[in-house]
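[1] Here is my input; please provide its structure:
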Amino acid sequence: MTELEFSFEQTDWIRVFSHIPRGGSLSAAGFLTLMEGCSEEQVEDALLYLESAGICLDVSELPKVGAKGQAALRLRREEELVKAGTLRENLEENDPLRLYLEEVDLIHVPANLQAMAQRYASGYDQVLQGLTNGMIPVVIELAYTMTGRGVLLLDLIQEGSLGLWQGILSYREGDFHNHACWWIRQYLARAVTMQARASGLGQKMKQALEDFRAVDGRLLADLGRNATLPEIAEQLHMTLEETQTVASMLESARLLQQATPEEKEEDPQEEEQAVEDTAYFQLRQHVSELLSCLDEKDAYLLSLRFGLEGGLPLSPEETGRKLGLTPEEVVAREAAALAKMRNN
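    Numbers count the residues shown, from 1 in each chain. This is a model prediction of the structure:
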């Protein structure tokens, strides 16, 4: 386990992400480690970048977040009941989650969602409600796979529904089910990842990586050979599973850095520009260069949403007030504009 020397720099995330191919994935644990110390605005920009680049967040290596009190009991119970397949019948009759699931059971699910999606993509908005109703059960099933990861199931379903909405608005052609499921999973993973960040997991993982490297190097010197994972786990006072997770993160980070070319040394005359050489500025610059393929209103909309006018990025509500649009119209136009830029 030698040759693991690398570092995560706050300003390097866009350079790292740009070398992940469209359709690829990024470890949520690695994402949190990479973004540790970044502002909420930078984290939001990074998440938007991943979405626009078609890169999914993989939470499989993300340690489960420890909760406290009633929330911890509820999370544990939801996970146990989902695994046993007995969730609904074991919830209280007036439980909000049970009431919601019972309401979903009464929703009519259309037979041919693919045909409806194609009609919606062609401009027939009347099918929007049917598309949403038809995919809500899918949202619930996918939310079940994330139980026990720090976010209550009803909140997961809400986040997954936002992903479904984004998937519907951004659909243009191809397999609608797969397209919508990608967006649902992305929003579920995003919710779990941000909950882990709020719990300080990024700092913990970063410290674990540093401790792993230190112990690995010390054992190499003491033993005269590469240490085994059980030997490293013993020194770290971690379980073998936890140590394997850290080792996997290190390997993923090493491969990412191998795929990322070294940056050229800056010309001394350009040092005055270093203050602008940040990932946030790079993202804005990258988006700005792509705006030329859009009409004036859509370009201005993205400028407001990404803060390219020199101020902070605006929410859909704030953007809508400036442009005379509803928040839903802003989200739809933004998704269509980003899709157009990706295809150019």
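
[2] ok, so what distance separates residue 93 from residue 237?
    Residue 93 sits 46 Å away from residue 237, taking Cβ to Cβ, to the nearest Å as the criterion. For glycine as for every other residue, the C-beta is placed from the backbone atoms N, C-alpha and C.

[3] residues contacting residue 223?
    With contacts taken as Cβ atoms under 8 Å, 6 or more residues apart in numbering, residue 223 has the following neighbours: residue 231.

[4] Low-confidence bits of this protein, can you list those?
    1-12, 65-68, 201-206, 249-290, 306-313, 342, 344 (pLDDT under 70).

[5] any chance you could map the strands in it?
    All strands of the chain, identified by DSSP state E, fall at 25-27, 56-58.

[6] possible to save those strands as JSON lines with distance to residue 71 and mean neighbour count?
    JSON lines is the format used below for the strands of the chain (distance: least, Cβ to Cβ, whole Å; neighbours: other Cβ atoms under 10 Å):
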{"stretch": "strand 25-27", "distance to residue 71": "25", "mean neighbour count": "20"}
{"stretch": "strand 56-58", "distance to residue 71": "23", "mean neighbour count": "21"}
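
[7] Of these, which is nearest residue 137?
    Using Cβ to Cβ as the measure, strand 56-58 is the one of the strands of the chain that comes nearest residue 137, at 21.5 Å.

[8] Just give the strands next to that closest one in its sheet, each with its orientation.
    When pairing is defined by DSSP bridges, strand 56-58 lines up against strand 25-27 (parallel).

[9] what's the offset of the strand it pairs with from the middle of its chain?
    If you compare the mean C-alpha spot of strand 25-27 with that of the full chain, they lie 9 Å apart, counting by Cα atoms, centre = their mean, to the nearest Å.

[10] Show me the contact partners of it.
    The list of residues contacting strand 25-27 from outside it, by Cβ under 8 Å, 6+ apart, reads 17, 20, 50, 55, 56, 57, 58, 61, 62, 248, 249, 252.

[11] Let me know the closest of those to residue 318.
    The closest of the contacts of strand 25-27 to residue 318 turns out to be residue 50 (Cβ to Cβ; 23.0 Å).

[12] so who does the closest one touch?
    17, 26, 56, 57, 186 are the contacts of residue 50 under Cβ under 8 Å, 6+ apart.

[13] which ones are touching residue 46?
    The neighbours of residue 46, taking Cβ under 8 Å, 6+ apart as the test, are 13, 14, 17, 31, 35, 38, 279.

[14] cutoff 7 Å now
    Applying Cβ atoms under 7 Å, 6 or more residues apart in numbering to residue 46 gives the contacts 13, 35.

[15] Export the contacts of residue 50 to CSV and append columns for distance to residue 322.
    Compiled in CSV, the contacts of residue 50 are given as follows (distance: Cβ to Cβ, whole Å):
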residue, distance to residue 322
17, 29
26, 33
56, 32
57, 31
186, 27
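
[16] which one of those is nearest residue 110?
    Residue 110 has its nearest neighbour among the contacts of residue 50 in residue 186, at 23.8 Å by Cβ to Cβ.

[17] and the chain, what are its domains?
    Using automatic domain parsing, the domains assigned to the chain come out as 10-61+200-259, 69-198, 281-342.

[18] Run through the residues that contact the closest residue to residue 235 other than its chain neighbours.
    By the measure of Cβ to Cβ, 6 or more residues apart in numbering, the closest residue to residue 235 outside its immediate chain neighbours is residue 215, 4.6 Å from it. If you count contacts by Cβ under 7 Å, 6+ apart, residue 215 has them with 232, 235, 236.

[19] Pick out whichever of the residues you listed sits closest to residue 104.
    Among the contacts of residue 215, and counting by Cβ to Cβ, the member closest to residue 104 is residue 236, at 44.7 Å.

[20] can you count the residues close to that closest one?
    17 (other Cβ atoms under 10 Å).

[21] if I read this right, it contacts residue 245, doesn't it?
    No. With contact taken as Cβ atoms under 7 Å, residue 236 and residue 245 are classed as non-touching, separated by 11.6 Å.

[22] Now do the same contact list for residue 163.
    For residue 163, the set of contacting residues under the criterion of Cβ under 7 Å, 6+ apart consists of 183, 184, 186, 187, 188.

[23] Near residue 185, how many other residues are there?
    Neighbours of residue 185 under the rule other Cβ under 10 Å: 21.

[24] right, and it touches residue 145 too?
    No. In terms of Cβ under 7 Å, residue 185 does not count as a neighbour of residue 145; the distance is 8.6 Å.

[25] So which of the contacts of residue 163 sit within helices?
    183, 184, 186, 187, 188 (DSSP state H).

[26] Mind putting those residues into JSON lines with neighbour count and distance to residue 161?
    What follows is the ones in helices among the contacts of residue 163, written out as JSON lines (neighbours: other Cβ atoms under 10 Å; distance: Cβ to Cβ, whole Å):
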{"residue": "183", "neighbour count": "23", "distance to residue 161": "11"}
{"residue": "184", "neighbour count": "25", "distance to residue 161": "8"}
{"residue": "186", "neighbour count": "22", "distance to residue 161": "13"}
{"residue": "187", "neighbour count": "27", "distance to residue 161": "8"}
{"residue": "188", "neighbour count": "25", "distance to residue 161": "10"}
